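S.K.: need the 3D shape of this:
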Amino acid sequence: MQTQAGDPGAFARFDLGRVPSPCFVVDEVAVRRNLAVLQDIGQRSGAKVLLALKAFSMWHLASVVGEYLDGTCASGLWEARLAREHYHGELTTYCPAYRREDLPEILRLSDTVIFNSPNQIARFADLIEKARAEGEVFEIGLRLNPEHSEAEVAKYDPCQIGSRLGFPVSKLRPEHLAGVDGLHMHALCEQGFEPLSRIWNAVEPYLAPLLSDIKWLNLGGGHHITRADYDREALIVWLAQVSKRHGLQLYLEPGEAIALDAGILVGEILDTFDNGLAVGITDISATCHMPDVIEAPYRPAMLGEVEDGVRLRLGGPSCLAGDIIGDYGFAAPPAPGTRIAFLDQAHYSMVKTNTFNGVPLPSIALWNSQTDALKLVRRFDYTDFRDRLS
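M.R.: Purely as a prediction, here's the structure:
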């Protein structure tokens with residue numbers, strides 16, 4: 001995949017030596033800028049906008065998120081707990097399949113619980129009825145598979161053949177909507193407005209006859225709304241039109257868009273040598289700290305990279321041969337101790353870190369690029385590694 005961001009913004013003047021290494025540094029000003037864009041979309045279109053915690057769950061900024069957005073969406077019990085403990089507003093929870101023992105608490109915590117198939121709704125009807133009898137108030141949603149592919153990479157395509165995600169829209173019948181308050185669709189991955197419009201054009205003929213008793217339509221995530229080239233005016237007009245035409249409350253669930261270009265991952269060159277090409281080992285591990293580099297795969301942009309100059313293949317300190325971040329250009333050969341930073345690392349990277357090989361987790365710092373205030377929010381140590389093991 002090609003990274004869709006990588007603008008250094010205010011980080012171009014950040015002193016990388018101010019934080020321990022490795023360390024995620026998030027710029028609150030950049031997060032607020034993204035949130036303001038999303039708030040404007042919601043206010044002008046009538047849609048509600050929720051933060052997808054799966055992409056950005058830095059709850060130190062929960063109160064900031066609450067100033068701009070309508071709430072959060074969770075992917076299961078633990079994210080739902082996090083949402084209720086720290087965030088404000090509505091909470092929508094969706095999971096491809098729920099464990100029976102988890103569902104009562106999820107129903108208690110959530111304003112909306114979205115199921116992946118009509119069969120799940122029917123199978124858990126007793127728990128839904130019991131929760132409501134006990135005074136819990138929540139709505140039920142059904143995720144649909146639009147069966148219209150727009151994702152650029154097959155493994156990130158929720159509409160691929162054999163997808164686990166959502167009930168095929170072509171199989172949807174009126175009886176499947178008994179007890180269902182709203183519908184959910186998620187078929188995008190780091191994309192603009194045009195793919196969303198094409199998806200809706202493909203599914204609207206199926207859905208239009210069935211929407212009279214539906215209250216809301218959740219359009220999921222994958223919307224790169226805060227990217228500079230996103231056609232936000234077209235999105236606003238489209239959301240308002242769809243809402244009016246079908247009498248629906250619309251929802252968006254951006255995750256990446258909230259933290260786009262809002263954070264860096266600072267690291268340090270530990271060693272360099274030549275093995276047919278120049279190699280640099282860093283204390284940043286692709287497999288431990290930026291797993292999407294391997295999973296996607298993609299090449300993250302590096303702060304201050306030069307096109308001409310010394311090329312180094314950078315990789316992490318783990319024993320995995322494939323722990324390679326990529327090949328990068330330096331103005332001069334970097335010596336051990338040289339600080340580096342990779343751009344656009346606030347979303348997904350932070351929530352997917354792991355301690356394979358006992359590689360330490362990066363610290364987390366919050367920076368305000370306007371005031372230059374810097375706060376070390378979290379520093380991990382050996383016990384964080386030890387205590388997750390038996």
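S.K.: for the stretch 51-200 of the chain, which segments count as helices?
M.R.: Secondary structure of the stretch 51-200 of the chain (DSSP state H, counting those that start in this stretch): helices located at 62-68, 77-86, 103-109, 118-123, 125-133, 193-207.
S.K.: in the shortest one, what's buried?
M.R.: For helix 118-123, the buried set under the neighbour-count rule, 16 or more other Cβ atoms under 10 Å, comprises 118, 120-121. Just so you know, the C-beta spots here come from the backbone N, C-alpha and C atoms, and that holds for glycine as well.
S.K.: ditto for the fifth one
M.R.: Applying a neighbour-count criterion of 16+ other Cβ under 10 Å, one finds 128, 131 buried in helix 125-133.
S.K.: surely residue 291 is in contact with residue 352?
M.R.: Yes: counting by Cβ atoms under 8 Å, residue 291 touches residue 352, with 5.0 Å between them.
S.K.: so who does residue 303 touch?
M.R.: For residue 303, the contact set (Cβ atoms under 8 Å, 6 or more residues apart in numbering) comprises 8, 11-12, 16, 264, 340-343.
S.K.: are any of these buried, and which?
M.R.: 8, 11, 16, 264, 340-343.
S.K.: okay, those residues in CSV with pLDDT next?
M.R.: Below are the buried ones among the contacts of residue 303 laid out as CSV (pLDDT from 0 to 100):
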residue, pLDDT
8, 93
11, 97
16, 98
264, 98
340, 98
341, 98
342, 98
343, 97
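S.K.: inside strands: which ones of these?
M.R.: Those of those mapping onto strands are 264, 340-343, per DSSP state E.
S.K.: closest to residue 37 among those residues?
M.R.: residue 343 (19.0 Å; Cβ to Cβ).
S.K.: right, and that closest one touches residue 302 too?
M.R.: Yes: applying Cβ under 8 Å as the test, residue 343 and residue 302 come out as touching, 7.1 Å apart.
S.K.: still on that earlier bit, of the buried ones among the contacts of residue 303, closest to residue 83?
M.R.: Nearest member of the buried ones among the contacts of residue 303 to residue 83, counting by Cβ to Cβ, is residue 264, at 26.1 Å.
S.K.: pretty sure the closest one contacts residue 18?
M.R.: No: in this structure, residue 264 is not within contact of residue 18 by Cβ under 8 Å, at 11.9 Å.
S.K.: look at the residue positioned nearest the centre of the chain and report its pLDDT.
M.R.: The chain has residue 55 as the residue nearest its centroid, 2.2 Å off, counting by Cα atoms, centre = their mean. You'll see residue 55 listed with a pLDDT of 97.
S.K.: how close does it get to residue 366?
M.R.: 18 Å (Cβ to Cβ, to the nearest Å).
S.K.: a markdown table for the ones in strands among the buried ones among the contacts of residue 303, including distance to residue 34?
M.R.: Formatted as a markdown table, these follow (distance: Cβ to Cβ, whole Å):
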| residue | distance to residue 34 |
| --- | --- |
| 264 | 15 |
| 340 | 25 |
| 341 | 19 |
| 342 | 19 |
| 343 | 15 |
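S.K.: counting contacts, what elements does the longest helix belonging to the chain pack onto?
M.R.: In the chain, with assignment by DSSP state H, the single longest helix is helix 28-45. Packing partners of helix 28-45 (3 or more Cβ pairs under 8 Å, 6 or more residues apart in numbering; DSSP states H and E): strand 48-52, helix 62-68, helix 232-246, strand 249-252, helix 256-259.
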